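**Student:** Structure, please.
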Amino acid sequence: MTDHHTYGTSTHTADELARLVSDRLGLVFTERDSDYRGIYHLASSPNGRIEIQPNPVPGDGEDDLYAPEHSSAQVLLLTTTPTPDPALHARLGSLEGLIHLNHETV
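**Tutor:** So this is what the prediction gives:
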């Protein structure tokens, strides 16, 4: 089983959110560049991974949204853990301006 959560914010930039989450969780984010996703931040741990990225992804013309169903969120935070982690989500939920958008277990 894998547990996925999506959070969004229009309060913070991706860089700001990476710093806030790093301070809150003690994780180290590395910046990555992807043709598909643009520039995003990744932190991995034995308990899973957290990715922070802008929702608008640069394209050949207008920016496309990575998650068009959450068009009001300018920045997304994606978590992937092997099992549900209520403590992680409680800590993320306490960040001002970060809103839980979606949850999926596969």
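**Student:** Could you list the low-pLDDT ranges of this protein?
**Tutor:** Applying pLDDT under 70 to the chain flags the ranges 59-63.
**Student:** in it, which residue is closest to the centre?
**Tutor:** Among the residues of the chain, the one closest to the centroid is residue 77, at 1.3 Å (Cα atoms, centre = their mean).
**Student:** Can you tell me the closest non-neighbouring residue to that one?
**Tutor:** Nearest-residue entry for residue 77: residue 7, 4.1 Å, with adjacent residues in sequence omitted and distances by Cβ to Cβ, 6 or more residues apart in numbering. For the C-beta atoms, the positions are set from N, CA and C on the backbone; glycine is no exception.
**Student:** give me the element the one you found is part of.
**Tutor:** Taking DSSP states H and E as the definition, residue 7 sits inside strand 3-9.
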